[in-house]
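In: 3D model of this:
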Amino acid sequence: MKSRVLVAGMAALALASLSGCAGGVNAQRSIDYADSNKTIAQEAKVDAAQIESANAKLDSAKALQADGEEEAAAALAEESVLEYKLAIANAERDAAKSEDEKVEKELRSDVERKLIYQNILDQETKNGGAK
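Out: As a prediction, the model looks like this:
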């Protein structure tokens, strides 16, 4: 939940930052944004295999920026942001799915318990009425 709030806040900040420089590419901002998403993904403890590609793209973006290739660096950084967000979304989906399965299991056991109690009550009622 915290990661969603952080991602949404960072997205708004990035949008505001990028709208101010619509005429030019600022690879550093894209890289900084990708680094922030990387931190969020690490804190969310997403599957390391899912963020491996994003890490590689971010590292490549930093190398391209160092070589002065701003547009290519910004594009790779933005791709890495999308991959980090996807990894976070997958982790949240898996957590929600797990929670859903847990709740369904508890609900089934409650229904089974209710049926057992109802059966006992029906038997007691029949036995009590026969006396």
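In: If you count contacts, what does the longest helix seen in the chain end up packed against?
Out: If you go by DSSP state H, the chain has its longest helix at helix 70-130. Under the contact definition 3 or more Cβ pairs under 8 Å, 6 or more residues apart in numbering; DSSP states H and E, helix 70-130 sits against helix 2-20, helix 27-43, helix 48-66. Just so you know, the C-beta spots here come from the backbone N, C-alpha and C atoms, and that holds for glycine as well.
In: Kindly recompute the last result at 6 Å.
Out: Applying 3 or more Cβ pairs under 6 Å, 6 or more residues apart in numbering; DSSP states H and E, one finds that helix 70-130 makes contact with helix 27-43, helix 48-66.
In: winner for burial among the ones you listed?
Out: helix 27-43 (a mean of 20; mean count of other Cβ atoms under 10 Å).
In: Flag the shaky bits of the chain, pLDDT-wise.
Out: For the chain, the stretches flagged by pLDDT under 70 are 1-24, 129-131.
In: Against Leu64, how distant is the closest residue to Asn26 other than its chain neighbours?
Out: Spatial nearest neighbour of Asn26, chain neighbours left out: Ala74 (6.9 Å); criterion: Cβ to Cβ, 6 or more residues apart in numbering. Noted for Ala74: a distance of 9 Å to Leu64, by Cβ to Cβ, to the nearest Å.
In: can you check Val25 too?
Out: 11 Å.
In: With Ala54 instead?
Out: Counting by Cβ to Cβ - Ala54 and Leu64 are separated by 15 Å.
In: Next one: Ala44 relative to Glu92, how far apart?
Out: For Ala44 relative to Glu92 (Cβ to Cβ), the value is 8 Å.
In: who's more crowded, the two?
Out: Ala44 (20 against 15; other Cβ atoms under 10 Å).
In: distance between the ends of stretch 63-74?
Out: The first residue of stretch 63-74 is 11 Å away from its last residue (Cα to Cα, to the nearest Å).
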